[in-house]
Structure formats: structure tokens, C-alpha cells
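**Student:** Next come a sequence and a model predicted from it.
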Amino acid sequence: GESVGLHLPTLSVQEGDNSIINCAYSNSASDYFIWYKQESGKGPQFIIDIRSNMDKRQGQRVTVLLNKTVKHLSLQIAATQPGDSAVYFCAEMPDSSYKLIFGSGTRLLVRP
Amino acid sequence: AAGVIQSPRHLIKEKRETATLKCYPIPRHDTVYWYQQGPGQDPQFLISFYEKMQSDKGSIPDRFSAQQFSDYHSELNMSSLELGDSALYFCASSTRDSRRGQYFGPGTRLTVT
């Protein structure tokens, strides 16, 4: 991933609204994509993943969409809560590799 | 449930000093990964180990080295520290057959002055 410096893109939403966080990935050979949530001073926490042979996967309040044509990944959070405030990273895992390549983070702020 | 343990949590060193970061993976996890995260940046993969052997290598400086021991814990050794090495260093662990299941530790915050 490339550095985004100190100014992360920020998404501000009202509590209870849905949030959509977008991510572009770089390697068309990647076969796993994962969304992580990182709270201040903590390590990334797994949210949801999707394999490259899928377009959509749903979890509890979260949905990940994968568009391989344009190498785009999105995370949808339903009924956003204050506890969802964090930085969200997408990560890709190239085929036959075990390393994660993180994309640029997005800071989600939930207004009460 | 047991999580990944990293020590120390905070470390302050001066330029040109050395530092050793330790990582204790989740029990029964045989693979460890090291990532570096600068202020406001995304985590960058450094290196990974499986069964004490290096399995992947990323953007790890030559001044850094790492190893995995027989009990699966890992150490990241950093020498000739530079100001730019100040960052959060995360260790993650997984089982080899679960590529997607990387669990991250709380990180070590290294400050080089």
C-alpha cells in the first residue's frame, strides 16, 4: 500500500444510517480480500472477508461487495453505531501468498 | 480466548540503538507475520515465518532481521535505528491452512529519538 500521510479520508455518518466504505485494490491475481477495523492504539480487527470467486458476502450488519472488473471493494455497514467509529482498511492477499497488502484506510466517524 | 501477545507495548530508543520486539502467537498457530504502520499510514508487510522458516518477505530493511523459534514465538530485531523507524509494529498469527485468518496483536509502539 502507499502512504496516505496523516490525512485519512473521512466518512461522517449519522448514527443509525448506513455507511459505505470503498477501496481500490491493485493486484488482479489476489484471491482473498479482507476488511479490517482499527481502533486507536489497537491492532487491526477482522470484520469480513470474501474470495475472488464471489461478488457479495454478508455478515452481521456488514456486507462486502467485490467488483473484479474495476478492482473495487466496498464495505457496507447497516445501522451504523457509535462503536463503529474507527479506521477501516481493506486488504488483499495475492494468490499463493500469505501476506496481506493493505489499502488506504478510511476513518469512519459516527455522529450521535 | 487467547490473543496474540506482543512485548513490549511501548519502546523508546535513540538513533543508532538496537531494539528487539517479541511476538507470542495464538496457541496452535504456526505462522507469524510482522507489519509496520507509520503514523496515519496503512500497515506494511515486513516478513512472515512458518515452522521457523521465512515464508514471505516484504519491505523489510536490511537493518532488521527476524526469526521464529521452536515454540512458534517470533522476534524482530532492529539495529542502527533511524528516526523513520518510529512506528507501530504489529505481529499477526494464523494457522498455515487458514490463509485468511490472520489475527493481530495489540502492537508495539516504537519511538526513536
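**Tutor:** Everything's here; your move. Every value quoted in this text rests on a predicted model; they were computed, and no experiment measured them.
**Student:** so where's chain B shaky on pLDDT?
**Tutor:** B:1, B:99 (pLDDT under 70).
**Student:** of all of it, which residue lies closest to chain A?
**Tutor:** Closest to chain A within chain B is residue B:104: 3.4 Å, counting by CB to the nearest CB. The C-beta positions use only the backbone N, C-alpha and C, and glycine is treated the same way.
**Student:** Now that residue: closest residue in space that isn't a chain neighbour?
**Tutor:** Among residues not flanking residue B:104 along the chain, residue A:43 sits closest, at 3.4 Å (CB to CB, 6 or more residues apart in numbering or on different chains).
**Student:** where does chain B come near chain A, residue by residue?
**Tutor:** B:4, B:31, B:33, B:35, B:38-45, B:48, B:50, B:55-56, B:58, B:90, B:92, B:94, B:96, B:99-107 (CB under 8 Å from any CB of the partner chain).
**Student:** Narrow those residues to those in strands?
**Tutor:** Counting by DSSP state E, the part of those found in strands is B:31, B:33, B:35, B:44-45, B:48, B:50, B:55-56, B:90, B:92, B:94, B:103-104.
**Student:** now that we have the residues you listed, which one has the most neighbours?
**Tutor:** In terms of neighbours by other CB atoms under 10 Å in any protein chain shown, these top out with residue B:33 at 29 neighbours.
**Student:** tell me the contacts of it?
**Tutor:** For residue B:33, the contact set (CB atoms under 8 Å, 6 or more residues apart in numbering or on different chains) comprises A:98-100, B:45-48, B:56, B:91-94, B:102.
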